[in-house]
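Asks: fold the following, please.
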Amino acid sequence: MKYIIVGAVAGGASTAARLRRLDEHAEIIIFEKGAYISYANCGLPYYIGNVITDRNKLFVQTADAFNQRFNIDVRVQTEVMSVNAEEHTITAKNLVSGKEYTEHYDKLVLSPGAEPIRPPLPGITNEGIFTLRNVKDTDFIKAYVDKKSVKKAVVIGAGFIGLEMAENLHGLGLEVSVIEMGNQILAPVDFPIAAMVQQHIRSKGVDLFLNNAVTGFEKNGEKLLVNLKTGNSLEADVVILSIGVKPDTRLAVGAGLEIGEARGIKVNEYLQTSNPDIYAVGDAIEFANPITGQSLVTYLAGPANKQGRICANNIVLGNVQKYNGSINTAIVKVFDMTVAAAGTAVKHLKAANIKHIVSTTHNGAHAGYYPGAGQMTIQIAFDPESGQLYSAQIAGYEGVDKRIDLLSSIIKRKSTIYELIELEHAYAPPFSSAKDPVNMAGFVAENIMLERLKIFYWNEMDQIKSDDIFIDVRREDEYQKGRIEGAINIPVDEMRNRLNEIPKKKNIFIYCEAGLRGYLAQRILLQNGFTSVKNLSGGYKLWKASTEERDFAEVLHLSNA
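Replies: Take a look at the predicted model:
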C-alpha cells in the first residue's frame, strides 16, 4: 500500500507515525510546503517574547529524525498543487528547485490546516504588518522587533493568539494596544468571564479597543498608522494581524470533495471525505458538535493529534473507530490570569435554542489558610431537566487547568452536574480544599435544580421593580465601599433579628459578594414564610465586572456609530 499525506505538523505527522506502527511495509510519503515537519505552534508567541529562548525547543521532530525513526519519506518545502481523485494521483512542486511531478496513492490523507485571514485593507502590505501561523512568520516578527527598535505594537484581534502576542510584546517592554471588532475578548467564552479578564488586561497598561474595526494602514515616516472606524488612528512600529483563520480547502475543492456548512472539508464519523480513498484531519475539517449537532471547525492541536491516530486506524484496519467530535477544550494564559473553556458557550446554546441554566461560583484555588489562595470564577451551563453539563468556563490564577480538565471529561461523556458533587480530587492545603471549586459548582447547580436556590443574573436587573425589596447582605463596610444602586443593607448575620423590616408579600432580590451569603440569607427567608426570594448568581463581583465592561463597550460602540 502507498499512503500520501498532505501537510504535517499535528494532524499529518501523527497520522503518518500511526500508519507506520500499524503497517511496517507500506510506502508512506508526507508532503509539507513549509520547512519543518513538526513544531510547537502554541509556543511561537513565547519565543517572540523571549520566554522560550532556545529556538530549537520549538521543534518536536525534524524531517531527518522522522525519516530515520519511522522510515517515512518526508518532503519538506514541497507543495501539493492538485489532487486527481479519479486517477489517484497528486501533483507536487518542489519549492526550492521549482520541479513539478506526480505521485500515485492508494489512500490519501489531507491535513492542509488553516490559513490566516488577511483582509484586503488599504496599506495591509506595508512593512511591519505580520500574521503569525508558522516558524517562518515567527522568525520575521522576532527579527523585526529586535532590529527595528520597536516601541509600540498594535495587535488586531483578541483571540487566543492575539492575547498571547499582546502579553509577550508587553513583556518585551513595548507599549501595546489590542483592537477587537466584537464587544469582548476571547469569542469562545461568554461575556461575564471575558469581562473579568478584560479588567485584568487593562490593569497591566494594555489598551483594549473593543467594538472597533480597522479600516486601513498608512505609513507616517518610520511609523505605521492604524486607522479605525471611529476616525481615530493608532501609531505603531509593528502590527500583528490575529483576526482569525479559515480552513485551507483548496485541494479538497479541486478534487471535487464535499465542503460542509462551516466551509471545512466534510468528513464522516471515520474521518473519511466524500471520496472513500481520501481522509482528512486537523484544522481543515468540519464535524458535528457533540452538544448542538451543528457543524463546526476547531483549530486545536489536541483534537488534530487524536484525529491522526483514529484516521490511521481506519485506513489500515477498515473504518473501525469513530471520531466523536470535539467539545473545544481550550486554555490560555493572559498575564497573571488563566482562562479556560470547554463545551458550548451560553451564547451558542441560546442560538441553538437549547434550554439551559447558568450558574456562576467563586472559590479559592486552594485552602484559604494556605498562602496565595487566588480566587477562580467558574461558570457552568446545564440542562434544566437532566442536569447534563453543557459547558464550563473558568477565569482565575493557579489551578484553572486541572479544574477545566475535570469539567471537560464530564461534558465529553455527557454526564451531569450530579457527578460534580461526588467527584473525588486530590486534596492537601497547597492544592485544593476539602470541597473543591468543582464540587462547589456542583452543589450550587444541584440547589438550583432542586429549587432550593432561585437565582437571577447580572443582566436581569430590570426584573427588580420599584415596589420590590432589594437587599445587600454583605457587611456594612463592604456595602459602603460599593453597592448596586437601590439596594438596602441587611447583613446576613443580622438577618434573623431583622425579619420584621422585610415585607413578606413583596418580591425580594438578594446579593452578596460572591453568592454564598446570599444563598444563606435566602434560605433563612424562605423558611420564615417569605415566598418570593431570588439570589444574584455570581454576586456583586460578577455584576461589577460585567456592567463596567458592558458600559465601556457600549460607549465605544456609540462612538463608532
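
Asks: so where's the stretch 451-561 of the chain uncertain?
Replies: For the stretch 451-561 of the chain, the stretches flagged by pLDDT under 70 are 553-561.

Asks: where do the strands of it begin and end?
Replies: All strands of the stretch 451-561 of the chain, identified by DSSP state E, counting those that start in this stretch, fall at 455-456, 469-472, 488-489, 508-511, 533-536.

Asks: list the contacts for residue 47?
Replies: When contacts are counted by Cβ atoms under 8 Å, 6 or more residues apart in numbering, residue 47 touches 53, 55, 58, 138, 142. C-beta here means a position set from N, CA and C on the backbone, and glycine is covered the same way.

Asks: ok, the third one - contacts?
Replies: Going back to what we said before, that points to residue 58. If a contact means Cβ under 8 Å, 6+ apart, then residue 58 has 39-40, 43-44, 47, 52, 135, 138 as its contacts.

Asks: ok, 6 Å please
Replies: Shown in contact with residue 58 (Cβ atoms under 6 Å, 6 or more residues apart in numbering): 39-40, 43.

Asks: highest neighbour count among those?
Replies: The member of these surrounded by the most neighbours (other Cβ atoms under 10 Å) is residue 39, with 23 neighbours in all.

Asks: which stretches in the stretch 101-250 of the chain count as helices?
Replies: Using DSSP state H, counting those that start in this stretch, the helices of the stretch 101-250 of the chain run over 135-147, 160-171, 191-203, 250-254.

Asks: can you tell which of the ones you listed is closest to residue 109?
Replies: The closest of those to residue 109 is helix 250-254. By Cβ to Cβ, the value is 11.4 Å.

Asks: buried ones in that closest one?
Replies: Using 16 or more other Cβ atoms under 10 Å as the test for burial, helix 250-254 gives 251-252.

Asks: follow-up on the earlier one: of the contacts of residue 47, which one scores lowest on pLDDT?
Replies: Ranked by pLDDT, the contacts of residue 47 bottom out at residue 58 (87).

Asks: residue 240 versus that one, what's the distance?
Replies: Note on residue 58: its distance to residue 240, by Cβ to Cβ, to the nearest Å, is 18 Å.

Asks: cool, residue 57 as well?
Replies: With distances taken as Cβ to Cβ, residue 57 is found 22 Å from residue 240.

Asks: and these two? Which one has more around it.
Replies: Using other Cβ under 10 Å, the more surrounded residue of residue 57 and residue 240 is residue 240, with 27 against 13.

Asks: wait, that one sits on residue 166?
Replies: No: counting by Cβ atoms under 6 Å, residue 240 stays clear of residue 166, with 8.3 Å between them.

Asks: before we move on, the earlier item: so which of the helices of the stretch 101-250 of the chain is nearest residue 25?
Replies: helix 250-254 (27.4 Å).

Asks: contacts for the very next helix or strand once past that closest one, please.
Replies: Beyond helix 250-254 on the C-terminal side, the first helix or strand identified by DSSP states H and E is strand 265-266. Outside strand 265-266, the residues within contact range by Cβ under 6 Å, 6+ apart are 249, 252, 258, 260, 280, 284-285.

Asks: picking up where we left off before, now, the contacts of residue 58 that are in strands?
Replies: Secondary structure defined by DSSP state E assigns residue 39 of those to strands.

Asks: and of the contacts of residue 58, the nearest to residue 549?
Replies: When the contacts of residue 58 are ranked by distance to residue 549 (Cβ to Cβ), residue 43 comes first, at 30.1 Å.

Asks: one step back: neighbour-wise, which of the contacts of residue 47 leads?
Replies: Within the contacts of residue 47, residue 138 tops the neighbour count with 21 neighbours, counted by other Cβ under 10 Å.

Asks: tell me the contacts of that one?
Replies: Taking Cβ under 6 Å, 6+ apart as the definition of contact, the neighbours of residue 138 are residue 44.

Asks: what separates it from residue 63, distance-wise?
Replies: With distances defined as Cβ to Cβ, the gap from residue 138 to residue 63 amounts to 18 Å.

Asks: list the buried residues for stretch 15-26?
Replies: Buried residues in stretch 15-26, counting neighbours by 16+ other Cβ under 10 Å, are found at 15-20, 23, 26.

Asks: what does the strand or helix carrying residue 408 contact?
Replies: The secondary structure element spanning residue 408 is helix 400-412 (assigned by DSSP H and E). Contacts to helix 400-412, defined as Cβ under 6 Å, 6+ apart, come from residues 327, 329, 331, 338, 340, 342-343, 376, 389, 392, 394, 419, 438.

Asks: same question for stretch 382-394.
Replies: Applying Cβ under 6 Å, 6+ apart, the contact partners of stretch 382-394 are 189, 193, 291, 340-345, 355-357, 376, 378-381, 400, 403-404, 407, 410-411, 414, 416-418, 445, 449.

Asks: and stretch 333-347, by the same measure?
Replies: 163, 167, 188-190, 197, 200, 204, 291-292, 327, 329-332, 358, 381, 390-395, 400, 404, 407-408, 411.

Asks: what is the neighbour count of residue 375?
Replies: Counted with other Cβ under 10 Å, the neighbours of residue 375 add up to 15.

Asks: check it and give its pLDDT.
Replies: According to the predicted model, the pLDDT of residue 375 comes to 93.

Asks: please name the bridge partners of it.
Replies: Listed by DSSP bridges, the beta-bridge partners for residue 375 are residue 364.

Asks: so who does residue 262 touch?
Replies: When contacts are counted by Cβ under 6 Å, 6+ apart, residue 262 touches 286, 295-297.

Asks: how long is stretch 286-298 from one end to the other?
Replies: End-to-end span of stretch 286-298 (Cα to Cα, to the nearest Å): 7 Å.

Asks: low-scoring stretches of the stretch 201-350 of the chain, by residue?
Replies: By pLDDT under 70, the stretch 201-350 of the chain has no low-scoring segment.

Asks: and of the contacts of residue 58, the nearest to residue 125?
Replies: Nearest member of those to residue 125, counting by Cβ to Cβ, is residue 39, at 26.3 Å.

Asks: tell me how far the residue of the chain positioned farthest from its centre lies from residue 506.
Replies: In the chain, residue 500 marks the outermost C-alpha relative to the chain mean, sitting 48.7 Å out by Cα atoms, centre = their mean. Applying Cβ to Cβ, the value for residue 500 to residue 506 is 13 Å.

Asks: over to residue 298?
Replies: As it turns out, when the distance is counted by Cβ to Cβ, residue 298 lies 49 Å from residue 506.
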